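Visitor: need a structure here:
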Amino acid sequence: MTARILFGFHAVGVRLKMAPRSVLELHVDPARRDARMQHFVARAVEAGVRLVESSDDRLAQLAGSHRHQGVVARVEPLALAKSLDDTLDRVEGPPLVLVLDGVTDPHNLGACLRVADGAGAHAVVAPKDHAVGLNATVAKVASGAAETVPYFMVTNLARTLGELKERDIRIIGTAEDAPRSIYALDLSGPLALVFGAEGKGMRQLTAKTCDELVHLPMHGAVESLNVSVASGVCLYEAARQRHKVSAAGN
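Guide: Predicted structure coming up:
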């Protein structure tokens, strides 16, 4: 397998915690000697990771970014679930899936993975065309969530949504002109939340495949939210409702 690059304290730190043996080598900036770096290096040494002192220019070259925080790691890819079906088959309780139709900005994808992890989503799905894949920038922004949330890029998104329906998973899309609010829905059951890219929104076929379209109430001057913020609002509303149902059943 081709080694992947992770950079930044959060992304590399999660890998050190989850799978230290998968870290092939850790490049650090010897000019950075603050307490955070010292603690981080101590963790890596304790885990038996090979350390390489590298200049800021070398780190930026490895990471493809100057926002590496002095930490870049070469790692083996982790063996996540092989398919969406495999992932859903292992879910206990009602599945929660985030679907991104046309998100091409790695910063947005990273932020979406982060909120998906925090809200307890079981998977994130996107089309292979017109979507960004997992790269070092996504992993940096995701702060470790790229290692924990399965991300599946599918050939035909509408067909995949249809397969989710066959599992009795309700498909809820978001659109500014939808008549009902997200807060008017029961989100406690099996659910896939679908979001389009900023500006363009969901593609027409994707919207037609949804069981229902809803909007996020906007009370200020702006007309819409960034896709990662909107995802966070809706995922956490679903998580809140699920917690409420679970607490009532205990």
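
Visitor: residues contacting Phe2?
Guide: Just to correct that, residue 2 is Thr rather than Phe. Contact partners of Thr2, counting by Cβ atoms under 8 Å, 6 or more residues apart in numbering, are Pro77. Backbone N, C-alpha and C define where each C-beta goes, glycine included.

Visitor: Residues contacting the helix or strand hosting Ser246, please?
Guide: Secondary structure from DSSP states H and E places Ser246 in helix 227-249. The contact list for helix 227-249 (Cβ under 8 Å, 6+ apart) reads 93-94, 96, 98, 100, 103, 108, 111-112, 114-116, 118-121, 174, 182-183, 186-188, 191, 193, 195-198, 216, 224-225.

Visitor: again, only using 7 Å
Guide: Residues from elsewhere that reach helix 227-249 (Cβ atoms under 7 Å, 6 or more residues apart in numbering): 96, 98, 103, 108, 111-112, 115-116, 119-121, 174, 182-183, 186-188, 191, 193, 195, 197-198, 216.

Visitor: What ranges does the protein have for its strands?
Guide: With DSSP state E as the criterion, the chain has strands at 4-7, 23-28, 51-53, 71-75, 96-101, 123-127, 151-154, 170-174, 180-181, 191-196, 212-215.

Visitor: Could you export the lowest-mean-pLDDT helix or strand in the chain as CSV, CA atoms only?
Guide: When the helices and strands of the chain are compared on mean pLDDT, DSSP states H and E, helix 136-142 comes out lowest with a mean of 81. What follows is helix 136-142 as a C-alpha-only set of coordinates in CSV (Å, rounded to 0.1, in the frame of the first residue of the first chain):
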residue,chain,number,x,y,z
ALA,A,136,-3.5,15.4,3.8
THR,A,137,-5.4,18.7,4.0
VAL,A,138,-8.7,16.9,4.7
ALA,A,139,-7.0,14.9,7.5
LYS,A,140,-5.5,18.0,9.0
VAL,A,141,-8.9,19.9,9.1
ALA,A,142,-10.7,16.8,10.3
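
Visitor: List just the one of the strands of the chain that sits closest to Val138.
Guide: Comparison of these against Val138 by Cβ to Cβ identifies strand 151-154 as nearest, at 8.7 Å.

Visitor: So which elements touch that closest one?
Guide: Counting contacts by 3 or more Cβ pairs under 7 Å, 6 or more residues apart in numbering; DSSP states H and E, strand 151-154 packs against strand 123-127.

Visitor: Please name the strands paired to the strand it packs on in the sheet, noting orientation.
Guide: Applying DSSP bridges, strand 123-127 is found paired with strand 96-101 (parallel), strand 151-154 (parallel).

Visitor: Could you list the residues in contact with the last one?
Guide: With Cβ under 7 Å, 6+ apart as the contact definition, strand 151-154 has outside contacts at Leu84, Leu113, Ala123, Val124, Val125, Ala126, Pro127, Lys128, Ala131, Gly133, Leu134, Thr160.

Visitor: What subset of those is buried?
Guide: Neighbour counting by 16 or more other Cβ atoms under 10 Å classes Leu84, Leu113, Ala123, Val124, Val125, Ala126, Pro127, Ala131, Leu134, Thr160 among the contacts of strand 151-154 as buried.

Visitor: For the fifth one, give me its contacts.
Guide: This means Val125. Leu84, Val97, Val99, Phe152, Val154, Thr160.
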